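# got a sequence here, can you model it:
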Amino acid sequence: MRIVAVVVTYNRKEYLLKNIEALLGQEGAATDILIVDNASTDGTQEAVASYCEKGQILYYNTGANLGGAGGFNYGIRRAWELGYDAFWLMDDDAYPYPDALAKFIQAHEDLHGDYGYLAGIVLWRDGTECRMNKLQPKGDGTDAAHPYRRIEFSTFVSLFLPRQTVEEFGLPIKEFFIWGDDIEYTRRVTAKKPAYMVPESKTLHDTADNVGSNIALDDGRLDRYRFAYRNEMYTARKEGLRRRIYQRLRIWMHIWRVIRFSNGKKREKIRLIREASREGKSFHPEIEYVTPVGENE
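Got it, this is the predicted structure:
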C-alpha cells in the first residue's frame, strides 16, 4: 500500500518542521509526505528546501491562500493523481506518535479494507484529549468483531482516507475555505459507509489552548466564525429536517452564550451568527470528483 501524508500549511514553518520530523520518524510503516503550502510568506518554502533536495517531501505551493478546505481539496486531488492508495490528512501543527501510522495499517488489515475512513485519537499538549478534535461515536460504537468503534464524523487531524473513498465521495468542498469542511466531508462518507476510531493511533495537536471554538469567549477570530456558521448551515440543510432543527437550536444556544458570557462585541457577534447562518441557506457549492460520476460504479 502506497501511503502519503497530506499536510496543509500557511505561515507556520516552525510547526511544519516539527510535523515533518514526526512523519519521518514513523516506525513500522512508511509514508511519503506531500506538503500543500497556501502561499506562505514566512519563508516556509526556503525552510523545507533541504527536505525537497533529499527527496524526503513533495512540496506544492498553491500560489494563493486557499484556506484549509481548499488546501486539502488541492492536496488530495494531487495525491490521487500521483497514484497513492491512501491519504493521511493532517494540519501542520499535528505531530503523530511514532507508531500512529502503523496502528492505522493494522486497523486496515483487521477490517479487511471495509471502511470509509479511519480516525486516530488527538491529544493536546498536556496529554488530555484535544476538544476540537473529539470523535463522536455512532450509536454505542461497539462491534463484537473488532476493537474499533464506529464514529459519526472526524476532523482532518490524523484522518486515514483510502483511495476508493475519494473516488466514490469526491473531495472536500474548497468553497468552505476554513472550518466545517472536514465535518461535512466525513459526515458525507459515514452517511453511506462505516468509519472507525483507532484508539491506539495517537497524534499531538499543538494548538494554543484546549477550549475548542467558542464565539462567546473568542474576540480575535470573528472572520473565521463567519465561515463556520455559513458552512454548518449548508451541511445541516443538506442532511435534512432533523439536522436543520438541530442547527437552529444550536444557533440560539450560541446567541445565548454570547449574551451570557461575552465580555465585549456582543452585538457584533450576534449579528455575525445570524448573517452567516442566513448566508448558509443560499450557499450552493458543488462537490468535485476526481473521476466522472458513475465511472467507478
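
# looking at it, Val6 is touching Leu23, isn't it?
No. Contact criterion Cβ atoms under 8 Å: Val6 and Leu23 do not qualify, at 10.7 Å. For glycine as for every other residue, the C-beta is placed from the backbone atoms N, C-alpha and C.

# what about the two, which has more around it?
Val6 (26 against 22; other Cβ atoms under 10 Å).

# show the contacting residues for the more buried one.
Neighbour list for Val6: 34, 36, 72, 75-76, 79, 87-90 [criterion: Cβ atoms under 8 Å, 6 or more residues apart in numbering].

# how about JSON lines for the residues you listed, with secondary structure added?
JSON lines is the format used below for the contacts of Val6 (DSSP: H, G, I helix; E, B strand; the rest coil):
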{"residue": "Leu34", "secondary structure": "strand"}
{"residue": "Val36", "secondary structure": "strand"}
{"residue": "Phe72", "secondary structure": "helix"}
{"residue": "Gly75", "secondary structure": "helix"}
{"residue": "Ile76", "secondary structure": "helix"}
{"residue": "Ala79", "secondary structure": "helix"}
{"residue": "Phe87", "secondary structure": "strand"}
{"residue": "Trp88", "secondary structure": "strand"}
{"residue": "Leu89", "secondary structure": "strand"}
{"residue": "Met90", "secondary structure": "strand"}
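
# first-to-last residue distance for stretch 40-48?
End-to-end span of stretch 40-48 (Cα to Cα, to the nearest Å): 12 Å.

# now it, how far from the chain's geometric center?
Distance of stretch 40-48 from the chain centroid (Cα atoms, centre = their mean, to the nearest Å) equals 23 Å.

# same check, this time on stretch 267-285
22 Å.

# repeat that for stretch 18-36.
For stretch 18-36, the distance to the chain centre is 17 Å (Cα atoms, centre = their mean).

# with stretch 126-143 instead?
Centroid separation between stretch 126-143 and its chain, computed with Cα atoms, centre = their mean, is 14 Å.

# many thanks, I have nothing further to ask.
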